[in-house]
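**Student:** This is a predicted model, with the sequence first.
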Amino acid sequence: MHIALKIRRYSPEQDRPPSWQDVTVEAEPTDRVLDALHAVKWRHDGSLAFRRSCAHGICGSDAMMINGKNRLACKVLIKDLRQPIVIEPMRGFPVVKDLIVDMEGFFNKYRRVTPYLVAQDPPPDKERLQSPQERERFDDTTKCILCGACTTACPSFWANHEYLGPAAIVQAHRFLFDSRDHAKAQRLAVLNQSSGVWRCRTIFNCTDACPRGINVTKAIGEVKQLLLHHRARSSHVSGEVAK
Amino acid sequence: MKESVAFAREKPSGGFELWSWVFMRFSGVVLLFLALGHLALMHLINSIDEIDYWFVAKRYAGVLWRGYDLAMLVLAMLHGINGARILIDDYLHHPMWRRLVLGGLYAVCGGLLVLGVYVALFFKPVAHA
C-alpha cells in the first residue's frame, strides 16, 4: 500500500533552513517506520540521513520524533500511525543532518553521573552477590538504552540545556540504588547541583516518551527523596566540589 | 558544543534547591487546606454581602484569624516567588537580564509581603463613626 511520509530535511552543506519533504513509498501496514525510511533511502532519495543499528529496539540509535512524539522508528508500526507520518529529528539537540542529531552533550552529561559500578570493597572469590529484592530495587532503570527520547521530550531541557536531563538521572538511579555500589556521594553531589535533579518539574513527558516503558519521573522522584535523606552528606560533598 | 561547555561549570546548590523543593511540596499541601478553609468561610458560611470592613475588624479582634491569614499570605507569597524564580532560571539565560528580573521580582513581592505582614500583625480597627 502507499504510505505518505513528511520528513524534516536539513543539509549543513546547503545554506538553507530545514524544510519538509513529502514522499510516498510502498510498504505494508505491518511494516515499521524504519522500513518506510529504508524504502525512501534505498528507492527514492539516497541523500536521506538517519541513524539505525540493531533495528530491533535495543541499541536506541533510531530515536526520532514521529507524529509529534519521540519514538524508536524500529518499534512503531505504520498501521498504528495517522498519515502522512510526520518524521522529525529529536528536539533540543543540534541537528547534524536530516534526522541525525549531535548527542555529544547528551553523553557528556551521562558521563557526569559516573554511570558504572564503583565497588570499593575487596573483590570476592567469585562475584558480588545480590538478593533478588536488592536487584529488583533498580530493575526498571536498567532498561535504559540511552536513545535520548526522554531528554529531548523534556520542556525543562528545551528551556535550559544545562539541565542534566532525565536519561542521565535514570542512569544515576540505576547505580544509586545498587547495593554493591560505593559512589553514592559522588553521584549525589552532581545531582544536587542547580543543573541537576532539581530542574525536573515533574511534567511526565519523559515517562510518556520512553520506548522502554521506564517510569522515568518516578525514578527522578526517588533520586530527589534519596537526596533529601542524605542531605547532610550531599551538602558536605557539594561543598567539597565547590572548593 | 553549547550544552557540553555550559555543563562543564560546577554549580553546587549547597542544599538550597533541595530545601526549596521540600518547601514547595510542604507549602503546596498546607496552602490547599488554608485556601479551602478561606473559601468555605468567606463564600459558603458567610455571604459575601456581609463581608465589609467591620467583618474583617471583628475577625482580627483575636489572634486566630490574624495567624490564619498571615500563614496563608506568607506561604502563598513565598511559594509564588519561588515558582517565579524557577521559571526565570529556566527561561532567562542572559546573566544581566536574569539578575534584573529576579531583583524586580524580589523587590515587588518582598514589598507586598512586608505590607501584608504589617497589616496582619498591627491592624487596629478605627472607632465606629
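**Tutor:** Structure's in. What do you need?
**Student:** Just give me how far stretch B:34-46 sits from the chain centre.
**Tutor:** 19 Å (CA atoms, centre = their mean, to the nearest Å).
**Student:** Okay, now it: how far is its last residue from its first?
**Tutor:** 16 Å (CA to CA, to the nearest Å).
**Student:** Contacts for it next, please.
**Tutor:** Counting contacts by CB atoms under 8 Å, 6 or more residues apart in numbering or on different chains, the residues outside stretch B:34-46 that touch it are B:48, B:51, B:55, B:68, B:71, B:72, B:75. Yep, even glycine has a C-beta here, placed from its N, CA and C like the rest.
**Student:** Just give me the closest of those to chain A.
**Tutor:** The nearest member of the contacts of stretch B:34-46 to chain A, counting by CB to the nearest CB, is residue B:75 at 19.7 Å.
**Student:** I'd like the distance between the closest one and residue B:119.
**Tutor:** 16 Å (CB to CB, to the nearest Å).
**Student:** Mind checking which of those two has more residues around it?
**Tutor:** Per other CB atoms under 10 Å in any protein chain shown, whichever of residue B:75 and residue B:119 has more neighbours is residue B:75, with 18 against 15.
**Student:** Just give the closest residue to that one, not the sequence neighbours.
**Tutor:** residue B:27 (4.5 Å; CB to CB, 6 or more residues apart in numbering or on different chains).
**Student:** Also residue A:184?
**Tutor:** Closest to residue A:184 by CB to CB, 6+ apart is residue A:176, at 5.8 Å.
**Student:** didn't the one you found look like it was pressed against residue A:225?
**Tutor:** No. Residue A:176 lies out of contact with residue A:225 (CB atoms under 8 Å); the separation is 10.8 Å.
**Student:** higher neighbour count, the two?
**Tutor:** For residue A:176 and residue A:225, the more surrounded residue by other CB under 10 Å is residue A:176, and the numbers stand at 25 against 10.
**Student:** Pull up the gap between that one and residue A:141, please.
**Tutor:** 9 Å.
**Student:** Give me the most central residue, chain B.
**Tutor:** Central residue of chain B (CA atoms, centre = their mean): residue B:77, 0.9 Å from the mean position.
**Student:** mind listing the helices for chain B?
**Tutor:** Using DSSP state H, the helices of chain B run over residues B:2-7, B:16-39, B:53-59, B:63-91, B:95-122.
**Student:** how about the CA coordinates for the third one, as PDB?
**Tutor:** Extracted in PDB, the C-alpha atoms of helix B:53-59 (Å, rounded to 0.1, in the frame of the first residue of the first chain):
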ATOM      1  CA  TYR B  53     -14.600  46.500  56.900                       C
ATOM      2  CA  TRP B  54     -16.300  45.600  60.200                       C
ATOM      3  CA  PHE B  55     -16.400  41.900  59.300                       C
ATOM      4  CA  VAL B  56     -12.600  41.900  58.900                       C
ATOM      5  CA  ALA B  57     -12.200  44.100  62.100                       C
ATOM      6  CA  LYS B  58     -14.300  41.600  64.100                       C
ATOM      7  CA  ARG B  59     -12.200  38.600  62.800                       C
END
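**Student:** How many residues are close by the closest residue to residue A:86 other than its chain neighbours?
**Tutor:** The shortest distance from residue A:86 to any non-neighbouring residue, by CB to CB, 6+ apart, is to residue A:6 (4.7 Å). Here the count is done by other CB under 10 Å, and residue A:6 has 15 residues near it.
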